[in-house]
Each structure stands twice: as structure tokens, then as C-alpha cells.
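Peer 1: Predicted model and sequence follow; I will ask about them next.
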Amino acid sequence: GIGYSFSLEEIGAAQQTGVNLTSEGAMAAREAYEQLVDEVAFNGNTDLAVEGLLNTTGITSAAAGATFAASSPQAVLSVINTALTGIMTATNGIEQADTVLLPLAQYGDITTRQIAPESSMTVLQFVQQANVYTTMTGRPLNIVGTHRLTNKMVVYRRDPQVVKLHMPMPLRFIAPQARNLEIVTLGMFRFAPVSIRRPAAMRYVTGI
């Protein structure tokens, strides 16, 4: 269903005025393609019976115990560190998660809330400095907010060895075709659902 078209009237008008046809149709088709791939990658597709990065069955899941909004900065750090160390412990230290996905509300909370009234440090800055991944490796923990989550946190190692989206054929447009009073340009692409190759390198934490 990806593609765009021009009517013969539009083509004739462009020829008469000496202007190029607009690229908005092609841009809209590409945006629709990118949105579809993103949605399937993150949330899967029930019609196709596939799952995504945020809802795959079999990923270890635990409850946070309290929401971020009701937790102290130390408690927020503890929830994140528990997920990080849980992955390390379960894999005998082989896997070290480097990415945390948070709902936008919780992400917004920790980016603006100060750890104390007299401090300018936010909870996010505190977590980024004190988390076990950063203290052990010296590398920053990637903490990202996403609209696709509501009360769940996703922690994983962002690496193709852990999670990968196969894209054997990115979007390409085939030659324009005449159809009734239109010239139609159709798009073709192929991709597979997200493949979580090492489930032990990922954790879900609910109730945040």
C-alpha cells in the first residue's frame, strides 16, 4: 500500500508552467514506510502474529515496587541498577546492558526533578553518574524516553548480537505505471520482525 501518484491534469499543468512536480508524495510514502517499520520493530503486529522489542514473550520481567514519581532518587537508581545487575548475574557477567527505555512521563520526571531542593543535579544526571554500568565500564548509560511505553521500563544491550531487525530490501520505488487517469509509482520493501537473539541480555520492569 506504499506509493504515490500524479493525475494527468497535474502533469499537464506542470508541463505548461515549466515547474517540477512536487516531491511531497514520495516523501509521504517514505514516511509511511518508516513509521510502519518502526511500529512493527517496537510493538510487533497482531495481524501478522509477531512481537516487538517492547512486548516479546519470554523476556524476564519484574515489578518495580513503586512508581518513579513516588520514589526517591536513590530508589529510582536502585530500580535501574537492579535490572542492570540482574542481567549481569543471569549471564555470569557476559552481558552488560547499556540502554534503558522509559515512558515519556517518567523520563520527563527524572530529567526535571532535582535530587534535593538545594541541588541543581537532576535525578537523570544522578542516575547517569551512579549506575553500575557506567561505574564499571566508564561508558555512559543510554537512557531514552519513548511514547510507546506507559508504565514499563526496557533494559537491554544495544548490539546486533542481542537484537536485530533484518531489512533485506529497503524501500525502493518501481517504474511509474499508467492507471486510469493517473501515473502511479508503487513502492516495494521487505523486512522481518525484530529478532531478539539473546533474551537474557534484556529485562522488562513494570509498574514504574
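Peer 2: Looks like it came in fine.
Peer 1: Make sure Pro170 is indeed in a strand.
Peer 2: Yes. Under DSSP: H, G, I helix; E, B strand; the rest coil, Pro170 sits within a strand.
Peer 1: residue contacts, it?
Peer 2: Phe189 (Cβ atoms under 8 Å, 6 or more residues apart in numbering). Quick note: C-beta positions are derived from backbone N, CA and C, even for glycine.
Peer 1: Give me the distance between it and Phe189.
Peer 2: Here Pro170 is placed at a distance of 6 Å from Phe189 (Cβ to Cβ, to the nearest Å).
Peer 1: What pairs with the longest strand along the chain, parallel or antiparallel?
Peer 2: With secondary structure taken from DSSP state E, the chain has its longest strand at strand 182-190. Here strand 182-190 is paired, per DSSP bridges, with strand 3-7 (antiparallel), strand 169-173 (antiparallel), strand 177-179 (antiparallel).
Peer 1: Minimum distance to Ile59: which of those strands has it?
Peer 2: strand 169-173 (27.8 Å; Cβ to Cβ).
Peer 1: which of the residues in that closest one are buried?
Peer 2: 171, 173 (16 or more other Cβ atoms under 10 Å).
Peer 1: Could you do stretch 181-191 as well?
Peer 2: For stretch 181-191, by 16+ other Cβ under 10 Å, it's 182-183, 185-187, 191.
Peer 1: Please compute how far that stretch lies from its chain's middle.
Peer 2: With Cα atoms, centre = their mean, to the nearest Å as the basis, stretch 181-191 stands 27 Å off its chain's centre.
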